[in-house]
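J.: return a 3D structure for these sequence lines:
(one chain, ligands or ions: 1)
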Amino acid sequence: MGNSLEDMVEFDLRRRGITDARLLAAFGKADRKAFVPALDREKAYEDRPLQLTHGQTVSQPYMVALMLQELKLQGSEKVLEIGTGSGYQTALLAELAKEVWTVERIEFLATTAEDRLLDLGYKNIRYRLGDGSLGWPEGAPYDRIVVSAACPDVPDALVEQLGEGGILAVPVGDPNGQVLVVGVKQSGVFEKRRTIDCMFVPLIGAQGFAHWPEQQQKDRAP
Ligand code: SAH
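T.: Sure, this is the predicted structure:
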């Protein structure tokens, strides 16, 4: 609905039940306009996903807010993010947590996001090009892990790399629709629950989908 960043935060987030003040402040600081492709700049504050190159998308603000809300970030956490994409959610995480470790499998997206986030002055982010379905073992354990691509199941590697008391949020389902699964590791046991329905592009990797599904490839070709 919004034509400005302030409208987006007010109408698409706050009035739809996103009430955490730190979360709203982060959305007000990480300007979505900086993360959408040049041709879509005037749509930057609309509450819907926007296309990147390589068939990928910048996630919808409300959906990102629902996911971030589940992470209950206080500011002291080390967070692992799988699927850097445009770097939009990465910036929000960098505002909300102590450090962010982010993994992307498409080189162009990874380098573009890194350049952009460095330009914006973020210094608490580490970047990796690779298969994030296997996590980033060198940084483990993580206090929070968030996956912004659809997985067939919760990847074991991510549960392993989650620290005690840590929270993991991951869309689980098939490429045409998923449920956001949120889990907490307590005394070494991962306890998960299903939350909202969602729709993300597939996680492609060893513990994700083996390949880009035919149907999606057709739908998302430029
Ligand atoms: N939060 C991002 C969403 C990007 S879409 C944003 O708002 O911009 C999901 C991203 O996950 C895509 O960039 C895709 O290339 C990436 N991805 C898919 N499989 C992956 C994998 N195995 N490891 C890391 N990234 C992956």
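J.: now do residue 173 against residue 211, distance only.
T.: Using Cβ to Cβ, to the nearest Å, we find residue 173 at a distance of 17 Å from residue 211. From N, CA and C alone the C-beta is placed, and that goes for glycine too.
J.: counting contacts, what elements does the longest helix along the chain pack onto?
T.: Identified as the longest helix of the chain according to DSSP state H is helix 107-119. When contacts are defined as 3 or more Cβ pairs under 8 Å, 6 or more residues apart in numbering; DSSP states H and E, helix 107-119 packs onto helix 88-96, strand 99-104, strand 125-129.
J.: mind listing what's buried along the shortest one?
T.: In terms of neighbour count (16 or more other Cβ atoms under 10 Å), strand 125-129 has its buried residues at 125, 127-128.
J.: ditto for stretch 154-166
T.: Result for stretch 154-166 [16+ other Cβ under 10 Å]: buried residues 154-155, 157-159, 161-162, 166.
J.: can I get it in CSV, CA atoms only?
T.: C-alpha atoms of stretch 154-166 as CSV (Å, rounded to 0.1, in the frame of the first residue of the first chain):
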residue,chain,number,x,y,z
VAL,A,154,14.2,-29.0,8.0
PRO,A,155,17.9,-29.5,7.0
ASP,A,156,19.8,-31.6,9.6
ALA,A,157,22.9,-29.6,9.2
LEU,A,158,21.1,-26.5,10.4
VAL,A,159,19.6,-28.2,13.5
GLU,A,160,23.2,-29.4,14.3
GLN,A,161,24.6,-25.9,14.0
LEU,A,162,21.9,-24.3,16.2
GLY,A,163,23.1,-23.6,19.7
GLU,A,164,21.4,-24.5,22.9
GLY,A,165,18.3,-22.3,23.4
GLY,A,166,18.6,-21.2,19.7
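J.: that one near the ligand anywhere?
T.: No - interface with the ligand: stretch 154-166 contributes nothing (Cβ under 6 Å from any ligand atom), its closest point being 9.0 Å away.
J.: quick one on the thing from earlier: give the buried residues for the longest helix of the chain.
T.: 109-110, 112-114, 116-117.
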